[in-house]
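# Build me a structure from this.
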Amino acid sequence: MKNSLVDRRVVDSIYKDGALYSSFGAYWRKKYGYKVFKIPLNAQFTCPNWDGRISDEGCIFCPSFARQFTYESFRDVMDKDVREQVKHQVKHYKEMGAGEKGLVYIAFGTNTYKPLDELKKLFDACLEHRDVVGLSIGTRPDCLPDEVFDLLGSYVKKGKHVWLEIGTQSVHYRTLERIQRRHGFAESIRVVREAHKRGIPVIFFLIQGLPYETPAETVETARIVSALGVDAVKLYPLVVMKKTVLGKQFKEGDYRPLGMSEYVRLTAHFLENLSRYVLVQRLSKDCGLESKLAPDWNTYRLIIGSRVEKELKRRGTKQGDRFNLTLSADELVPLKPSETKIVRREKQKKKKSVRL
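Numbering: from 1, shown residues only. Predicted structure coming up:
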């Protein structure tokens, strides 16, 4: 398994405190000694899967040009100058008690899809505020040429925190093709390699409940992400939005979203099969109700997060308990026929203990 940039000693201390999974927030507080918050920013990015560079159709779940403004706190300033947005959001979150410092979260659209000189001006402006400690940049895995990696790496060299949030969505090519992502998984593998060369940790966005993707494939996703050395994940249920291809499929009965209990059980199973050292930034998605068609349950992350923890407690498990990629050295001994039966019975018991 490849090494991530996550400090394993810090993660171990999180579990010693009784945590059931390695939360990003807990990790940051322990490693850096303060609480950090995300500062959502609208930098007027579009997407090459919408504007014709790659396609003009977009992903099946994405409304026009990937702009889903669901943060109420900055709808009044989201079209203003970048510096004004940052100033407003820092004040808002500090007054809420969300933390002491912020990461500017450039989230809407594909946020490396501009000429290099424009990206530098934008990133420089975002980092001017004294309470901003770094950037967290959401983008597609196929929009990160070496020049952009080098630019981001230059901020790391200056002591800034830089995280890349990659819209991987799935590790399975069949799924990526069906949801019209128009990239494969090879691009995401390259991102992890090139980002880690420059000291940049990587977060994968992963959607649960994608069309035709099975629970077994979801488990394999957790294992692949772990083996690749991804630093953190964001998990989401697939949300059906108005004015999307998926919305049309849903209305015509061609897509059924996961129920809440299904999502909670699947997420718990995902965490069990995810390396204990992969940070978890989110377990669900906050979504603007005005544009949502389905699912019919509340996807708010705090509600779902507590239910996932309750499910893990019911099972008596935590993140990584079922993660295993190889036999141990002690297991490299052929079994006798009588021992084979015992091992088979134990495996059957483990299967029955997990109800998806």
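
# Now do the helices in the stretch 1-150 of the chain.
Using DSSP state H, counting those that start in this stretch, the helices found in the stretch 1-150 of the chain span residues 8-16, 24-32, 82-96, 116-126, 146-157.

# With the stretch 251-356 of the chain instead?
260-272, 301-315, 337-352.

# Just give me how far whichever strand or helix holds Gly247 sits from the chain centre.
Gly247 belongs to helix 245-251 when elements are defined using DSSP states H and E. Remark: helix 245-251 is offset 24 Å from the chain centroid, using CA atoms, centre = their mean, to the nearest Å.

# now for it, which elements pack on it?
strand 240-241, strand 292-294 (3 or more CB pairs under 8 Å, 6 or more residues apart in numbering; DSSP states H and E). In this view, the C-beta of every residue, glycine as well, is placed from N, C-alpha and C.

# Mean neighbour count, those strands: which tops it?
Among the helices and strands packed on helix 245-251, strand 240-241 has the highest mean neighbour count (mean count of other CB atoms under 10 Å), at a mean of 20.

# how far out from the middle of the chain is that one?
Per CA atoms, centre = their mean, the centroid offset for strand 240-241 relative to its chain is 19 Å.

# Okay, now the sheet partners of it, with direction.
The strands that strand 240-241 pairs with in its sheet are strand 292-294 (antiparallel) (by DSSP bridges).

# Could I get the average pLDDT for the strand it pairs with?
Mean pLDDT, strand 292-294: 90.

# Quick check: Glu220 touching Ser170?
No: look at Glu220 against Ser170 with CB atoms under 8 Å: they stay out of range, at 10.4 Å.

# Looking at these two, which is more packed in?
Ser170 (24 against 15; other CB atoms under 10 Å).

# Let me know whether the more buried one touches Thr221 as I believe.
Yes: with contact defined as CB under 8 Å, Ser170 and Thr221 form a contacting pair (6.8 Å).

# low pLDDT regions in this structure?
Across the chain, the ranges flagged by pLDDT under 70 are 1-2, 64-74, 287-290, 342-343, 346-356.

# so which helix or strand takes in the residue nearest the centre of it?
Nearest to the mean C-alpha position of the chain, by CA atoms, centre = their mean, lies Lys234 at 2.3 Å. Here Lys234 sits within strand 232-237, counting by DSSP H and E.

# so how far is that strand from its chain's centroid?
With CA atoms, centre = their mean, you get 4 Å for strand 232-237.

# That one pairs with which strands, parallel or anti?
With DSSP bridges as the test, strand 232-237 pairs up with strand 202-208 (parallel), strand 279-282 (parallel).

# Of the ones you listed, which is nearest Val308?
strand 279-282 (9.6 Å; CB to CB).

# So which bits of the closest one are buried?
Leu279, Val280, Gln281, Arg282 (16 or more other CB atoms under 10 Å).

# what does that strand rub up against?
6, 11, 21-24, 27, 203, 231-236, 271, 274, 301, 319 (CB atoms under 8 Å, 6 or more residues apart in numbering).

# Fine by me, thanks again.
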